[in-house]
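[1] Give me a 3D structure for the following:
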Amino acid sequence: MASTQVNQPATLDELLARWESDGINNVLFELPDMHGTARSKIIPLNKVRGFAEKGLNMYGGALALDSSSFVVSGTRYNEEVNFADQVLKPDLSTAAVVPWMNKTARLICDSYWADGTPLHAAPRHVLRKAVAELAKLGYSAVVGLEYEFYLLDPATMKPIFDGLHIFNTMRATAAPVAERIVELMPHIGIDIITANCEYGPGQFEINYGPHEALQAGDLGFTFKNGVKFIARQLGYHATFMTKPFSDQSACGAHTHISLVAKDSGENAFLDTDDKNGLSREAYYFMQGMLKHAKAAMALMAPTPNCYHRFVPHSFAPSNISWGLEDRTAMIRAKNSRDHRTHLENRLPTALSNPYLAMAAAIVAGTLGLKDAQVPPAAVGGLAESYEGFEPLPATLDEALNALERDQEFRAILGDEFVQVFTAMKRSELARMKTHVSDWERHEYIEMY
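    You can find the predicted model right below:
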């Protein structure tokens, strides 16, 4: 699976001169938070140099706000540091003009405390740590993301269509959103491959090219936020919520991974002499993703809603399994017997943070390379039908517990990240558990 080439970043002087020549007025300094949401400040172009050189202050706890932007105690980034500011330092390699905004560019930032210490739980830092651990073994990861989302009427928050419509051309183009996404995304470096309506009413899937892991995270972050922005401009609401409707398809973010051997530049997962066309490294990496699936699931399915997705007969995994071109397996081996050979992890949900979902897959696979163990042989037939595979966690609580217990896995991610992430998620769960749902009222209010 070959990656798209990346241009060398411009110097700050070159960047500012180009943006001034292009008529850019404002620059977004963007921070990807724990949910993959963009937290940002808008900076006039004539103020960018100072903030790029010295850093831009932002409330440090913004990184770990929960899904309703509530301040969460116990995350290490709030009362523990007297609610101090973090300092955003832009990564110039992420510089881009934003095609869906007016005369605006962006810089994705990394976060540090005033003394230069990183906020180690920041998703970009976590992914970098995973990539560095893999690099010690002589490999880099190439990752492609495959997102599904729903288009809704913003007044009703219901799908823009009724009925099922997978690959239907009229449905795919009746709303102008997909065509506009395909038109604009290449201008910010996202190489669109395919776009189509998916199975659910108003559900779409858009695929783009693979990249080296950190850039893939940046582009996943850019894509998701861009889709929501474009949809809103056109009068729609786009949601990557995993299961917005109980009787319709869930939204996934299938994550396609291959390794490049740094000494040869070749795809390390390909072995044409193997009966399945897979190398020992591919089997080891796969076994790592299987072994650490329960812990990884907390990052790949990070809300209670996500767990409605993992049921049989839904093209989503329901157990810890692998298979050859099997859409019901957790790991689908795409054994094309050429440079495109790779592994597809089908656990990540569409609302997962791309940096964290990728970090989880890479950390698990790296541990597999270190263990050098192969998975059980693939079963004949569908993986979801085989009773010998261990079930996935059924709830976010279970996955968070698994994350905390998996010492090897959390050692690479870092204890600071695990503490921040689990405190934030348990705060969300506590709020959910006190909420009386519509289902409960409908079920009990009349009878009792």
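
[2] Let me know the pLDDT of Ala175.
    Predicted confidence (pLDDT) at Ala175: the value is 89.

[3] Enumerate every residue touching it.
    151, 160, 234, 236 (Cβ atoms under 8 Å, 6 or more residues apart in numbering). From N, CA and C alone the C-beta is placed, and that goes for glycine too.

[4] how about 6 Å then?
    Neighbour list for Ala175: 151, 160 [criterion: Cβ atoms under 6 Å, 6 or more residues apart in numbering].

[5] what do you get for Val126?
    By Cβ under 6 Å, 6+ apart, Val126 lies in contact with 359, 417.

[6] redo that, cut-off 10 Å
    34, 120, 217, 299, 353, 355-356, 358-360, 363, 412-414, 416-418, 420-421 (Cβ atoms under 10 Å, 6 or more residues apart in numbering).

[7] and it, what helix or strand is that in?
    Element membership for Val126 (DSSP states H and E) is helix 123-135.

[8] and the helix or strand following that helix, how far from the chain's centre?
    As assigned by DSSP H and E, the chain's next helix or strand after helix 123-135 is strand 139-153. With Cα atoms, centre = their mean, to the nearest Å as the basis, strand 139-153 stands 7 Å off its chain's centre.

[9] May I see the buried residues of strand 139-153?
    Neighbour-count burial for strand 139-153, with 16 or more other Cβ atoms under 10 Å as criterion, is recorded at 139-152.

[10] do the same with stretch 290-310
    290-310.

[11] okay, how far is it across it, tip to tip?
    Chord length of stretch 290-310, first to last residue, is 16 Å (Cα to Cα, to the nearest Å).

[12] Asp66: which of the buried residues of strand 139-153 is nearest?
    Phe149 (21.8 Å; Cβ to Cβ).

[13] just to revisit the earlier point, quick one: work out the angle between the helix holding Val126 and strand 139-153.
    Going by axes from the mean of the first three to the mean of the last three Cα atoms, to 10 degrees, helix 123-135 is angled at 150 degrees with respect to strand 139-153.

[14] now the helices for the stretch 201-350 of the chain?
    For the stretch 201-350 of the chain, helices defined by DSSP state H, counting those that start in this stretch occupy the ranges 213-233, 280-291, 293-300.

[15] Pick out the least confidently modelled helix or strand of this structure, by mean pLDDT.
    Of all helical and strand segments in the chain, the minimum by mean pLDDT, DSSP states H and E falls on helix 169-174, at a mean of 82.

[16] That one packs against which elements?
    In terms of contacts (3 or more Cβ pairs under 10 Å, 6 or more residues apart in numbering; DSSP states H and E), helix 169-174 is packed against helix 177-184, strand 192-197, strand 203-208.

[17] what lines up beside the last one in the sheet?
    Looking back up the chat, that one is strand 203-208. strand 139-153 (antiparallel), strand 192-197 (antiparallel) (DSSP bridges).

[18] State the distance from Phe70 to Ala430.
    To Ala430, Phe70 is 11 Å away according to Cβ to Cβ, to the nearest Å.

[19] of all the helices and strands packed on helix 169-174, which lies closest to Asn168?
    Across the helices and strands packed on helix 169-174, closest to Asn168 is strand 192-197 (Cβ to Cβ), at 5.9 Å.

[20] In that closest one, which residues are buried?
    Neighbour-count burial for strand 192-197 flags 192, 195-197 (criterion: 16+ other Cβ under 10 Å).

[21] now swap in stretch 272-283 and tell me
    By neighbour count on 16+ other Cβ under 10 Å, the buried set for stretch 272-283 is 277-279, 281-283.

[22] Pull the most distant pair out of those residues.
    So, these by Cβ to Cβ: farthest apart are Gly277 and Glu281, at 12.9 Å.

[23] Report the set of residues contacting both of those two.
    The contact sets of Gly277 and Glu281 overlap at 269-271 (Cβ under 10 Å, 6+ apart).

[24] any idea which of those residues has the most stuff around it?
    Ranked by neighbour count (other Cβ atoms under 10 Å), those have Phe269 at the top, with 30 neighbours.

[25] Thought Ala333 was touching that residue, still the case?
    Yes: using Cβ atoms under 10 Å, Phe269 makes contact with Ala333 at a distance of 8.9 Å.
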